[in-house]
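1. sequence first, predicted model second:
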Amino acid sequence: MTMRRRTPLYPLYTEQPSVRCIDFAGWELPVQFAGIVKEHEAVRQAAGLFDVSHMGRLIVTGLFAEACLQRLTTNDVSQLKDGRAQYSLLCSPSGGILDDLLVYRLSADQYMLVVNAANTAADLDWLREHLIGDVTLEDRTDTTALIALQGPNAEDILVEAAGTTGTYARAIAALAPFQFRSGVPIADASVLVSRTGYTGEDGFELYTTAEDAAAVWRTLLQVGAKAGLQPAGLGARDTLRLEARLPLHGHELSPSITPLEAGLRSFVKLDKGSFIGRKALLTQLTDGGPFRRLVGIELQERGIPRSGCEVLTNSGVRAGYVTSGTHSPTLKRNIGLALLSAEYAEIGTSLIVNVRGTEHKAVVVPAPFYRRSPFSPRR
């Protein structure tokens, strides 16, 4: 029997009496601590704390690091400055999505990549195959930890944990989305704090050593208790990201789906020069595509549109399939994302979703399904 991997925070899960763990990409991770809906609502209304240390953390170093990543990723790495990050994608030569990732510029010759847990090994092989010049690649997944603090109260909690006055409090408050600050002191640990997340809420992702992870986690929970902070698991992470129309690899993203089909055109900089997959993506556009589109759908009756469910037109023609679906705790509606032929993807189009042999009426709706108030950093 293959042993599941455990994050540095695994021993702390047992401090929550109702925790339930599952196998996720070979890791033993909490799907919930006190209940998916309760944790979901905590993130929307107050704050939630996630252990996402299973995500891969890779360090790319060398004088040619920027040039290497320019060729490997779809976004424009040359636009990054120290202390900034960007969302990007790795594509195959045929334009399919191998993975989505965050790219952090630590310095002119060093970057951190944060990749999906299920793809870390494959990404490492792919990246090593395409290294150039003096560029080296180091996997720091096992020696570091990653904690996500998300929700409208996240900033106040983090500022208090780092010290309510002084340089670090001001630096945290001033961070804009996709900016980060290293060396933030929390629980006597030196933490890289990034204003990023995967919930549709304001929030932060905190990178620290594996040894310091438990102290940081405990401090955040202690400080955040009065602000409604709750530990949250994979279940709430999934419902939150789906309401915000954030894609999940293996569902909305895969080697058989291109970024253009997935609605990620803004993260594909076709004018930056050559990169792997560019030719195929250009061809898709010049041929009149993409011919499939990822859209939001809502069931008009009871039932949840599960991943893989067939989507039909009212006349019985296959239109596509559901990539993800759930009952939205925030909106109290049954929602999903579906990859449909472009001719059936217009908002308001009536459809049929086949859920376990039962046909349910559905309609194409705008997505994201949920949007928080516009972000405005404190300065």
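-> Structure's in. What do you need?

2. what's the nearest residue to residue 66 if we skip its chain neighbours?
-> Using Cβ to Cβ, 6 or more residues apart in numbering and skipping the chain neighbours, the partner closest in space to residue 66 is residue 77 (5.5 Å). C-beta coordinates here come from the backbone N, C-alpha and C atoms, glycine included.

3. excluding chain neighbours, what is closest to the most centrally placed residue in the chain?
-> Nearest to the geometric centre of the chain sits residue 198, at 4.4 Å (Cα atoms, centre = their mean). Distances taken as Cβ to Cβ, 6+ apart place residue 241 nearest to residue 198, at 5.2 Å, with adjacent residues excluded.

4. residue 197 is in contact with the one you found, correct?
-> No. Here residue 241 lies out of contact with residue 197, judged by Cβ atoms under 8 Å, at a distance of 9.3 Å.

5. those two - which one has more neighbours?
-> residue 197 (26 against 19; other Cβ atoms under 10 Å).

6. roughly how far does residue 34 sit from residue 218?
-> Using Cβ to Cβ, to the nearest Å, residue 34 is found at 17 Å from residue 218.

7. the two: which is more packed in?
-> Neighbours were counted for residue 34 and for residue 218 using other Cβ under 10 Å; residue 34 has more, 18 against 14.

8. as a check, name the ranges of all strands in the stretch 101-250 of the chain.
-> For the stretch 101-250 of the chain, the strands defined by DSSP state E, counting those that start in this stretch cover 110-115, 136-139, 144-150, 180-186, 189-194, 203-209, 229-232.

9. which parts of the second one are buried?
-> In terms of neighbour count (16 or more other Cβ atoms under 10 Å), strand 136-139 has its buried residues at residue 137.

10. mind listing what the residue nearest to residue 198 touches?
-> For residue 241, the contact set (Cβ atoms under 8 Å, 6 or more residues apart in numbering) comprises 198, 199, 200, 248.

11. give me the residues contacting the host helix or strand of residue 323.
-> Assigning secondary structure by DSSP states H and E places residue 323 in strand 318-327. Outside strand 318-327, the residues that touch it by Cβ under 8 Å, 6+ apart are 238-239, 242, 248, 251-252, 292, 294, 297, 304-313, 333-341, 344, 351, 353.

12. weed out the non-buried ones from those.
-> For those, buried by 16+ other Cβ under 10 Å: 238-239, 242, 248, 251-252, 292, 294, 297, 304-305, 307, 309, 311-313, 334-340, 344, 351, 353.

13. let's see which of the residues you listed end up in helices.
-> Judged by DSSP state H, the buried ones among the contacts of strand 318-327 include 238, 239, 242 as members of helices.
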